[in-house]
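Novice: What would the 3D arrangement of this be:
(chains A and B)
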Amino acid sequence: MTVSLAVNKNTGIMKTQVLTQKSSISTLSLLTLLMLLFTLNTAFGQTNTDTPTTNERVIKGLISDENGPLKDVNVRKKGARNGVVTNEKGEFTFPEKLKTGDVLLISFIGFETQEYIIGTETTFVSLVLTEAMIDMIGALDANTPYRSKRKN
Amino acid sequence: MIGQSHFYGQVSDFSHIDFKKADSIALSLSSERLTNLPELSLKLTEHLDTDVERFRAIYRWVCDNIANDYSLYLKNSRKRQRYKDDSLKFKAWNTKFRQIIFKNLLKRERTICTGYAYLVKTLSDLANIDCEIVQGYGRVSTTHIDKLNLPNHSWNAVKLNDKWYLCDPTWASGIPNPETNRFKFAYNNGFFLTNPKLFAVNHFPVDSTWWLLNDTIPTFDQFLSAPVIYGNAYKHLEFVDQPRQMHHDIKKHQSLDLTTTVKANLNKEDLYLLVDNGIEPKKVNLSSINIEGKQLKFSHTFDKIGFYDVHLYIKNDLIATYTVDVAQN
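Specialist: Numbering: from 1, shown residues only, chains lettered A, B, ... in the order given. Presented below is the predicted three-dimensional model:
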């Protein structure tokens, strides 16, 4: 590169001219260096990114039992009232954006209620619900007066 | 821990609390379905200040909205008896039936005992109230005690203010009609946080943790030998003091002596016996009733030999039955 200085005799303004030679390697190096610096600056200096960290995002999921997808399962945000129900394919999309640390309450009658904590990387919740393991029994109360068996 | 006797309670612990608000909340939500249990639990409890009231709203809602299904009960009883010696088939039936129960519960709000107990527990869990399902044996006037070899009933235990209490939502709910399979809702408050001593007369838990008694617990034989008591016993009585067994062998001119502790003061006329000799029941007005506060002592003398079913009534409600075999001197 050569730099020449010239003074305009009429205006008196100094003009600097940078005369560049066609040096591809050096220009590219400079440009690459500049771009690299720019990218690094962007990555570390920002507070607003699109990658999942604590920030709100849409959560989807699939709820099933041991036999396959479950429909009508309640998916609710713990401590709040909003929620959604799974469709015939067991799928859901939570109606509001959720953030890391939010807890989902997944419930359906006859199954153990489960809680799911949204992690930093979570975007899809896949759960298998287990049945409430209870013996089913039933005795009726009766108002019919007791009658002894008699040998009449 | 549950083993300590001073942690057991009964409804009189809450005599200072009026359950009207809880009951009216439960009533206002009678059109709610079981499709969203967390929401139902929240609606039942969010406007109540104490755990006992929150539990009361849940319990009342279940009792007043879930019907007892006689045909499901019958089907299940038969299958359980049939498979009781084949553990694989028994387990397979239970798994299948459980799914039927939950489908029915969701769709038709009809169920059998365990369904009631499950709902009370689940709704309580969602409201952060400690509540358990208790499995065991329930004995009623129509129970064939010679065939009572499998647990046949479910109820609940609930922890309120660090004390455990018993309740029976199924029997509190009403009476099924075996012939029509129609269910009549008729809430009986006697099964809410019941005196464990009364509860123990016809509820025998599989897990002995749930007796909640300070005295020695009955053996299974003692349980089977106890008097038959009816739903209205829970309405009127605090306890059946004497006799502790159903059957009595006496001689002519001897008497059957009874002692009961009632919840509310009674007049002498409110109490009578129906003595059935197998041909014709006869109403007997009691000649001498000794009333000491809430404790009533009375007796009936048998002057003829025979075998008698003796039914105790309070205000025309059937309370208990004893059997008396009167022999020659």
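
Novice: Secondary structure element holding the closest residue to chain B within chain A?
Specialist: Residue nearest to chain B within chain A (Cβ to the nearest Cβ): A:G138, separated by 2.8 Å. Any C-beta I mention is one placed from the backbone N, CA and C, and that applies to glycine too. Of the helices and strands defined by DSSP states H and E, none includes A:G138.

Novice: Let me know whether it touches B:L74 as I believe.
Specialist: No. Using Cβ atoms under 8 Å, A:G138 makes no contact with B:L74, being 9.2 Å away.

Novice: Looking at the two, which one has more neighbours?
Specialist: Using other Cβ atoms under 10 Å in any protein chain shown, the more surrounded residue of A:G138 and B:L74 is A:G138, with 26 against 15.

Novice: which residues touch the closest residue in space to the residue of chain A closest to chain B that isn't next to it in sequence?
Specialist: Counting by Cβ to Cβ, 6 or more residues apart in numbering or on different chains, B:I112 is the residue found nearest to A:G138 once chain neighbours are left out, at 2.8 Å. Shown in contact with B:I112 (Cβ atoms under 8 Å, 6 or more residues apart in numbering or on different chains): A:M136, A:I137, A:G138, B:N68, B:D69, B:L72, B:Y73, B:N76, B:I101, B:T170.

Novice: Now for the second one: which residues touch it?
Specialist: The neighbours of A:I137, taking Cβ under 8 Å, 6+ apart as the test, are B:N76, B:R80, B:I112, B:C113, B:T114, B:Q135, B:L150, B:P151, B:N152, B:H153, B:S154.

Novice: among those, who's most crowded?
Specialist: Neighbour-wise, these (other Cβ under 10 Å) top out at B:I112, 31 neighbours.

Novice: Give me the pLDDT for the residue of chain A closest to chain B.
Specialist: The model reports A:G138 with a pLDDT of 82.

Novice: Show me the domain layout of the chain.
Specialist: Using chain A. According to automatic domain parsing, chain A comprises the domains A:2-42, A:60-128.

Novice: nope, chain B please
Specialist: According to automatic domain parsing, the domains of chain B span B:5-226, B:238-327.

Novice: Rounded mean pLDDT for stretch A:67-76, please.
Specialist: In this model, stretch A:67-76 has an average pLDDT of 96.

Novice: what do you get for stretch B:174-193?
Specialist: Across stretch B:174-193, pLDDT averages out at 89.

Novice: now swap in stretch B:291-301 and tell me
Specialist: For stretch B:291-301, mean pLDDT is 92.

Novice: OK, contacts around residue 88?
Specialist: You didn't say which chain, so I picked chain A. Applying Cβ under 8 Å, 6+ apart to A:E88 gives the contacts A:P69, A:K71.

Novice: Between the contacts of A:I137, which sits nearest B:D23?
Specialist: Ranked by distance to B:D23 (Cβ to Cβ), the contacts of A:I137 are led by B:C113 at 22.6 Å.

Novice: Quick check: that closest one touching A:G138?
Specialist: Yes. Assessed by Cβ under 8 Å, B:C113 is found in contact with A:G138 at 4.0 Å.

Novice: what residues are shared contacts of these two?
Specialist: Joint contacts of B:C113 and A:G138 (Cβ under 8 Å, 6+ apart) are B:N68, B:H153, B:S154, B:T170.

Novice: Cross-check the residues you listed against chain A and keep the overlap.
Specialist: B:N68, B:H153, B:S154, B:T170 (Cβ under 8 Å from any Cβ of the partner chain).

Novice: which stretches of chain A form strands?
Specialist: A:2-7, A:14-19, A:60-65, A:68-69, A:74-77, A:83-85, A:91-93, A:103-107, A:114-117, A:124-128 (DSSP state E).

Novice: looking at the ones you listed, which is buried most?
Specialist: strand A:74-77 (a mean of 22; mean count of other Cβ atoms under 10 Å in any protein chain shown).

Novice: Who are the packing partners of it?
Specialist: Other helices and strands packing on strand A:74-77, by 3 or more Cβ pairs under 8 Å, 6 or more residues apart in numbering or on different chains; DSSP states H and E, are strand A:83-85, strand A:103-107, helix B:37-45.

Novice: swap the cut-off to 10 Å and go again
Specialist: strand A:60-65, strand A:83-85, strand A:91-93, strand A:103-107, helix B:37-45 (3 or more Cβ pairs under 10 Å, 6 or more residues apart in numbering or on different chains; DSSP states H and E).

Novice: mind checking which of these is nearest B:L296?
Specialist: Closest approach to B:L296 among the helices and strands packed on strand A:74-77 is made by helix B:37-45 (38.1 Å; Cβ to Cβ).

Novice: on contacts alone, who are the packing partners of whatever helix or strand comes next after the closest one?
Specialist: Using DSSP H and E, the helix or strand that follows helix B:37-45 in sequence is helix B:51-65. The contact analysis (3+ Cβ pairs under 10 Å, 6+ apart) places helix B:51-65 against helix B:20-28, helix B:37-45, helix B:113-126, strand B:131-138, strand B:153-160, strand B:163-167, helix B:169-173, strand B:183-185.

Novice: From the contact counts, what lies against the very next helix or strand once past helix B:51-65?
Specialist: The helix or strand immediately downstream of helix B:51-65 is strand B:67-68, counting by DSSP H and E. Where contact means 3+ Cβ pairs under 10 Å, 6+ apart, strand B:67-68 is packed against strand B:110-111, helix B:113-126, helix B:169-173, strand B:174-176, strand B:183-185.

Novice: Which positions within the second one qualify as buried?
Specialist: Using 16 or more other Cβ atoms under 10 Å in any protein chain shown as the burial criterion, the residues of helix B:113-126 that qualify are B:113-124, B:126.

Novice: orientation of it relative to helix B:37-45 in degrees?
Specialist: 80 degrees (axes from the mean of the first three to the mean of the last three Cα atoms, to 10 degrees).

Novice: and helix B:113-126 with chain A, contact?
Specialist: Yes. Shown here: helix B:113-126 in contact with chain A (Cβ under 10 Å from any Cβ of the partner chain) through B:C113, B:T114, B:G115, B:Y116, B:A117, B:Y118, B:L119, B:K121, B:T122, B:D125, B:L126.

Novice: closest to B:T45 among the residues you listed?
Specialist: B:T45 has its nearest neighbour among the residues of helix B:113-126 next to chain A in B:L126, at 8.6 Å by Cβ to Cβ.

Novice: thinking again about what came up before, columns distance to B:T261 on top of the buried residues of helix B:113-126, output as a markdown table?
Specialist: Listed next are the buried residues of helix B:113-126 as a markdown table, based on distance: Cβ to Cβ, whole Å:
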| residue | distance to B:T261 |
| --- | --- |
| B:C113 | 27 |
| B:T114 | 31 |
| B:G115 | 33 |
| B:Y116 | 28 |
| B:A117 | 28 |
| B:Y118 | 33 |
| B:L119 | 32 |
| B:V120 | 27 |
| B:K121 | 30 |
| B:T122 | 35 |
| B:L123 | 33 |
| B:S124 | 30 |
| B:L126 | 37 |
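
Novice: Alright, calling it a day.
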